[in-house]
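[1] Give me a 3D structure for the following:
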Amino acid sequence: MSQRARSAITAVLGPTNTGKTHLAVERLCAHSSGIMGFPLRLLAREVYDRVVRIKGAKHVGLITGEERILPPDARWLLCTAESMPTDRDVAFVALDEAQLGIDAERGHVFTDRLLRARGREETMILGSESLKPLVRTLLPEAEIITRPRFSQLTYAGGKKLSRLPPRTAIVAFSAEHVYAVAEMLRRTRGGAAVVMGALSPATRNAQVAMYQAGEVDYLVATDAVGMGLNMDVGHVAFASLTKFDGKRQRRLHLSEMAQIAGRAGRHQRDGTFGVLSGGPDEAAFSDIEIERIEEHRFKPLEHLMWRNSDLDFGSVDALTQSLGVRPDNPVLRAAPDSIDLTVLRILSNDRMVIDRARGPRMVQRLWAACGLPDFRKVGAEHHSRMVSQIFGFLSEGSGHIPGPWFAAQIARLDSVQGDVETLAARISEVRIWAYVAQRADWLIDAPTWAERTRELELKLSDALHARLTERFVDRRTSILMKSVSNDPALLDVQVDDNGEVLVDGEMIGTLNGFTFAPDAAARGKDHKRLLAAAELRLPKEFARRAQKVVEAADSAFSLITEPGTPVRIVWTDVELARFKPGKTLVTPRLFLSPALSRVDPASRAAVEARLEAWVARMITGKLGPLNKISAVAADRETPPVLRGILVQLAEHGGVLDRAASDDALASLDRGQRQFLQRLGVTIGALDVFLPVLLKPEPTRLRLALSAIRAGQMMPPRPLAGLGLLDKPAPVLAEAARLAGYRRFGDQMLRIDLVERIARAAHDARGKERTSMLDPAMAVSLGIGSETFARIMRAIGFHPVGNIQPNQWRWRGRPRRVQAPTPVNAAFAVLGQLKR
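    Predicted coordinates for the structure are as follows:
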């Protein structure tokens, strides 16, 4: 693909159904060679099949991330935008849907192709008319051709599912919503074909063929249907006007609405669009939106996303910096971090990666590995682990992924068992390995592995098509019920006080909190139809319940701290959230229960804010002294030596071994010691602690916070009011240590009781060095003689012969020598700051 600017550049702009793609394919075939880039693998495959029929298979190639058909004599290449070769000299280059340069995730790729991809003789840019001002600015030499729509597009209002005309495409924006609508169509209209961007070309083609052949009259699709897939659609019904764009739930942009609505009507036949009424999102188009979609008038684009393509592979830091270069053209905007750059930033903190990514060749391999697509949609943090493992293989030994390891990944996925979701998940992972197999320098005998992954994808695609058809198509119903009016959205759905879900008076399941459980005992031929109707209406109930959570009193929430289970928040016996470690012990982070994913984003955010406020108040109320010393420690007016002690005391939950702070305590003057006492801090013989936090409820909360910080289950805790533990189990002993107990042989004694013994010993000796202690104290505490002797020695007393067994001589508190601890390190730093 030449990057010379001398070729004629033509921008063909206009709405959907204007024949832009058809024109570009004609121009492609008219040249001696060419490349055409598309936004979707499905669309590239569709046009590839068309060009093969014209030019013959041996002269046509297909290049996508997961698929590569490249005969030796291939002269015409159909590609995804990301896979367009940049080093191939061809006569013609075309880029489809160039307005996607505005997209936050992939836009920089389309902008790069718009600016740099050139055919030797002709270059063609296809896109919406909103791109016109930017084409004039960025490509002033380009000829702009505006094409009108062949047919008229008209708004038809909202329609119930049962009122939708045949040859309708219903568009939803999540797999779950697609499946729910398809299930309802199966019960009311005999079924529907399903098309989603995540489907393999084989599955998608089989589903579309079923629709085109008239086996079903309805198509349920995601917004992938808006990207040029040609089907016989007369009406487009929006099941929702909002979508999750990877970061937030938002209303569709006007251009997105028009792109999807424009699928209605083909060539000279008019089309209509509207909304699916009675669904979870009953928002209608505004009058302005309807007018602009019908008249194809849209606000011009003001900028495109851009990312530097002149990369520096000298080091990982250099690569990251070169990727962060900002554009110097005002109509270009620096693209936000896409997943490849996010993964690179994560791996730049991985010691193995940094040690191996040295030199341009290895940094380039790392960047190539970061480009591994996240087809599983698991997020950058989780996806980076797979990338790290693959780079580990690429950066050691022969620099290839081991064949046995790769074979094991393929074998693990080689099963056609499971439901639609399971098979779709397997195909998503197979696509990743298909992408890997297209990298000749990643695998030995890469072509063989590419063929293996292709065969497995086809095998799973056939199984998925069969499951989709089995689940969403009732062929007998399709024949017998096409004219029957039986709309689930009209059915009466109720949830009673016991959580029973009733549809037209029939109990079909229960709603426990935010989790719906179908009733296995429910029977009848219409059970699935009733179930689909209930699921369609339940989002309103979820939103109502979320509002009840937001409005609930603090007393309605409970912190569950059962030993051996995660610390969690419940509301009326319904789990709402668990915890992750926060910045400090007393600031844990919440993560909501997966069941709340069914709630709309705004309500979910309100629930999260309500729970965060409750947790903050609970911690302040029960651990107030701990919050107070944290605040004093953060105050720069507090002397450094006190800050050092208080920081460590706060991080240890209000209990600190005195040996860890001997140096700092020795340097305190009388006023500073009194200051600590006013804060409620006891400087004991063996421990520094806050006595009020040793009470049962503060102890329970401190142990819970410690478990959260350690990422562990809730530990067992000593019984409330129990000051002595006799031969505790190891797990209980560790929890007791955190709770404020100190071990003396086989027994553990709460530290405030240890301090009581120490004070009694010193009070008994007065100014003398010898002390006589009443043995009744030890007996009352349940302390054995050996334990008592260990306590006395620990606090600095030693027995006086055998004649007076209760007589002890003070020899001074033993000073235990230990390695530097975090508290001493903190004191050192604070001391330097003071100097």
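[2] what about residue 194, which SS state?
    strand (DSSP: H, G, I helix; E, B strand; the rest coil).
[3] Which strand residues bridge it?
    Under DSSP bridges, the beta-bridge partners of residue 194 are residue 220.
[4] contacting residues around residue 444?
    For residue 444, the contact set (CB atoms under 8 Å, 6 or more residues apart in numbering) comprises 398, 400, 403. Using the backbone N, CA and C atoms, a C-beta is placed for each residue, glycine as well.
[5] By neighbours, which of those wins?
    Most neighbours among those, by other CB atoms under 10 Å: residue 400, with 17 neighbours.
[6] The stretch 651-800 of the chain: strands as residue ranges?
    Using DSSP state E, counting those that start in this stretch, the strands of the stretch 651-800 of the chain run over 655-657, 682-683, 687-689, 724-726, 741-744, 747-750, 770-772, 797-799.
[7] re the thing from before, give the single residue among the contacts of residue 444 positioned nearest to residue 175.
    residue 403 (33.7 Å; CB to CB).
[8] Please give me every residue in contact with that closest one.
    443-445.
[9] Now with 10 Å, please.
    Residues counted as contacts of residue 403 (CB atoms under 10 Å, 6 or more residues apart in numbering) are 443-445, 448-449.
[10] The residues you listed into TSV, with extra columns for distance to residue 751 and secondary structure?
    Formatted as TSV, the contacts of residue 403 follow (distance: CB to CB, whole Å; DSSP: H, G, I helix; E, B strand; the rest coil):
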residue	distance to residue 751	secondary structure
443	61	coil
444	63	coil
445	67	coil
448	68	helix
449	63	helix
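[11] Write the ChimeraX selection for whichever of those are buried.
    This is how ChimeraX selects the buried members of the contacts of residue 403, with burial counted by 16 or more other CB atoms under 10 Å:
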select :443,449
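[12] Would you reformat the contacts of residue 403 as a markdown table and include distance to residue 577 and pLDDT?
    Converted to a markdown table, the contacts of residue 403 look like this (distance: CB to CB, whole Å; pLDDT from 0 to 100):
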| residue | distance to residue 577 | pLDDT |
| --- | --- | --- |
| 443 | 44 | 95 |
| 444 | 48 | 93 |
| 445 | 49 | 91 |
| 448 | 49 | 94 |
| 449 | 44 | 95 |
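[13] one step back: what's the least confident stretch among the strands of the stretch 651-800 of the chain?
    When the strands of the stretch 651-800 of the chain are compared by mean pLDDT, strand 770-772 comes last with a mean of 70.
[14] give the contact list for the most centrally placed residue in the chain.
    Nearest to the mean C-alpha position of the chain, by CA atoms, centre = their mean, lies residue 379 at 4.8 Å. Residues in contact with residue 379 (CB under 10 Å, 6+ apart) are 246, 339, 342.
[15] The first one and residue 377 touch, don't they?
    If I follow you right, that is residue 246. Yes - here residue 246 reaches residue 377: they are 8.8 Å apart, a contact under CB atoms under 10 Å.
[16] just to revisit the earlier point, which phi and psi does the residue nearest to the centre of the chain have?
    When read as degrees, to the nearest 10, the backbone of residue 379 gives phi 100, psi 160.
[17] Can you show me the strands along the stretch 101-250 of the chain?
    Using DSSP E, counting those that start in this stretch, the strands of the stretch 101-250 of the chain run over 122-127, 143-146, 153-159, 168-171, 193-195, 218-221, 235-238, 242-244, 249-251.
[18] Show the low-confidence segments of the stretch 1-150 of the chain, by residue range.
    Applying pLDDT under 70 to the stretch 1-150 of the chain picks out residues 1-6, 17.
[19] Show me the helices in it, by range?
    Using DSSP state H, counting those that start in this stretch, the helices of the stretch 1-150 of the chain run over 20-30, 41-55, 107-116, 132-138.
[20] For residue 615, which residues are in contact?
    Counted by CB under 10 Å, 6+ apart, residue 615 has contacts 557, 559, 569, 577, 579, 586-590.
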